[in-house]
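A.B. asks: What shape does this take:
(one chain, ligands or ions: 1)
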Amino acid sequence: MRRKPRLYIADERAIKSGEATDVYFLRAKKILDNISASATRVVAEVHSYGFPNGYEWAVFTGLEEVVYLLEGLPVDLYAMPEGTVFRAMEPVARIEGAYGDFGVFEPAILGMLRHSTSVSTKAARVKLAANGKPVLFFGIRCIHPAISPMVDRAAYLGGCDAVSGVAGAVMLELEPTGTMPHALMLVLGDEKKAWKLFHEVMPENVPRIALVDTFYDERVEALEAAETLGKNLYGVRLDTPSSRRGNIRKIVQEVRWTLDIHGHRHVKIFVSGGLDEKNVMELVDLVDGFGVGTSIAFPPSIDLALDIVEKNGKPLSKRGKLPGGKQVYRCENLHDTVVPWGRVVERCGVCGGRVEPLLKQVLSRGEIVSDLPDAKEIRERVLGQLEKLVSADASRWGPVFIG
Ligand code: ZN
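C.D. replies: Got it, this is the predicted structure:
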């Protein structure tokens with residue numbers, strides 16, 4: 001008898017073997033195997049038909065996992081570099097091979113790319129709203145722990161400055177970041193005692209950020225914290241839930257004013273609890289940093305689809321999709337031109353600048369043929385593009401399709 005699972009997670013073996021798939025792909029494979037058609041050569045592309053909530057761009061991440069998923073299979077993979085800002089209808093990845101060799105991996109490929117891309121895109125939007133101020137990702141409590149490192153990675157790649165998750169931070173070679181939970185004050189029954197002990201016990205490199213909304217008003221506790229820890233206090237964190245908060249902007253203004261008039265100008269103010277890009281934007285001039293969880297961990301979905309666009313070298317597609325493989329050329333102002341695969345473009349049709357092809361080969365017959373950048377490098381790439389999106393207002397430019 002099959003043992004009842006203790007954790008409902010697909011492990012690496014189940015994913016890599018193709019067991020973590022939808023049954024209809026197994027059925028399709030069986031039928032094609034039956035008439036020896038599994039070797040049919042196809043080209044499949046991953047792209048989005050459209051973004052949620054009027055988004056004009058998204059941040060492509062999750063590629064590294066897909067590379068390791070397909071490594072060793074007799075397929076070629078081309079993709080935009082991880083951390084590329086892309087637009088709807090642009091191919092972000094291209095797989096060439098016998099359909100029978102990779103078809104069953106469609107749900108795993110899309111799941112990895114969609115989830116990661118959705119998280120990274122939201123993280124990028126929040127980071128843009130924060131206007132250069134730190135955004136810390138505190139969101140692993142919203143998701144199953146089995147995938148918390150993946151979500152930490154996606155949030156970090158999208159632009160978050162740090163993550164609170166320990167397992168994720170270890171995998172990313174980062175220091176996990178955090179302050180103190182309400183539980184510490186509640187267990188000790190005294191907020192001043194909690195802050196003092198935090199200062200005594202924590203190593204010097206941990207910033208002293210006191211959580212100031214456990215028992216009393218934020219303004220009262222913020223001043224108490226500053227008087228308790230003096231110059232050692234780096235900042236205060238307000239984590240007031242939206243149900244209690246009223247006008248958070250007014251509360252932050254009150255806390256800032258109170259700290260300032262008592263000579264505690266050095267004390268920074270951090271806000272967390274139910275934030276998204278809208279309220280980050282509303283507070284950004286008053287606040288020194290943000291802790292963001294649910295809105296990034298549970299973002300609107302950037303839907304990605306995997307569609308066959310060529311069979312035995314001939315263009316074809318289902319309805320609503322442009323047949324034939326495509327390449328995306330981009331200039332330094334982030335203007336994109338989409339052309340049939342194999343056609344070479346040298347100049348941007350919008351600004352005349354030089355262009356580069358975005359889809360580059362990552363796997364050749366299952367062998368990794370390009371360097372996989374580390375998380376820091378990918379994040380820098382994202383931040384560089386976000387800056388351009390703002391300064392050149394390039395977000396307005398949809399891709400130009402030249403057939
Ligand atoms: Zn251009």
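
A.B. asks: Doesn't residue 269 belong to a helix?
C.D. replies: No. Assessed with DSSP: H, G, I helix; E, B strand; the rest coil, residue 269 is strand; it does not lie in a helix.

A.B. asks: and it, what does it touch?
C.D. replies: Contacts for residue 269 (C-beta atoms under 8 Å, 6 or more residues apart in numbering) come out as 222, 235, 236, 238, 252, 255, 256, 259, 286, 287, 288. C-betas here are computed from N, CA, C, even on glycine.

A.B. asks: ok, the nearest residue to the last one once chain neighbours are set aside - how many residues close by?
C.D. replies: Across the structure, with C-beta to C-beta, 6 or more residues apart in numbering as the measure, the residue nearest residue 288 apart from its sequence neighbours is residue 268 (3.8 Å). Counted with other C-beta atoms under 10 Å, residues neighbouring residue 268 total 19.

A.B. asks: if I look at residue 268, how far off is the ion?
C.D. replies: According to C-beta to the ion, to the nearest Å, residue 268 and the ion sit 40 Å apart.

A.B. asks: was I right about that residue contacting residue 234?
C.D. replies: Yes. Assessed by C-beta atoms under 8 Å, residue 268 is found in contact with residue 234 at 6.4 Å.

A.B. asks: hey, what's in contact with both of those two?
C.D. replies: residue 209.

A.B. asks: Give me the helices and strands touching the one helix or strand residue 66 maps to, please.
C.D. replies: In this assignment (DSSP states H and E), residue 66 forms part of helix 63-70. With contacts taken as 3 or more C-beta pairs under 8 Å, 6 or more residues apart in numbering; DSSP states H and E, helix 63-70 sits against strand 76-79, strand 93-98, helix 106-129, strand 360-364.

A.B. asks: I'd like these as a markdown table, with mean neighbour count appended.
C.D. replies: Converted to a markdown table, the helices and strands packed on helix 63-70 look like this (neighbours: other C-beta atoms under 10 Å):
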| stretch | mean neighbour count |
| --- | --- |
| strand 76-79 | 24 |
| strand 93-98 | 22 |
| helix 106-129 | 25 |
| strand 360-364 | 18 |
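
A.B. asks: of the contacts of residue 269, buried ones?
C.D. replies: Neighbour counting over those (16 or more other C-beta atoms under 10 Å) leaves 222, 235, 236, 238, 252, 255, 256, 259, 287, 288 as the buried ones.

A.B. asks: quick one: contacts for the last one?
C.D. replies: Same thing as residue 288. Contact analysis of residue 288 by C-beta under 8 Å, 6+ apart lists 133, 134, 235, 268, 269, 270.

A.B. asks: Grab the nearest non-local neighbour of residue 96.
C.D. replies: Nearest to residue 96 is residue 76, by C-beta to C-beta, 6+ apart, at 4.3 Å.

A.B. asks: same thing with residue 146?
C.D. replies: Closest to residue 146 by C-beta to C-beta, 6+ apart is residue 9, at 4.2 Å.

A.B. asks: Can you classify that neighbour as helix, strand or coil?
C.D. replies: Secondary structure, three-state DSSP: residue 9 is coil.

A.B. asks: isn't it right up against residue 148?
C.D. replies: No. With contact defined as C-beta under 8 Å, residue 9 does not reach residue 148; the gap is 11.5 Å.

A.B. asks: Which residues of this structure lie near the ion?
C.D. replies: Residues of the chain found near the ion, taking C-beta under 5 Å from the ion as the criterion, are 331, 333, 335, 348, 350, 351, 353.
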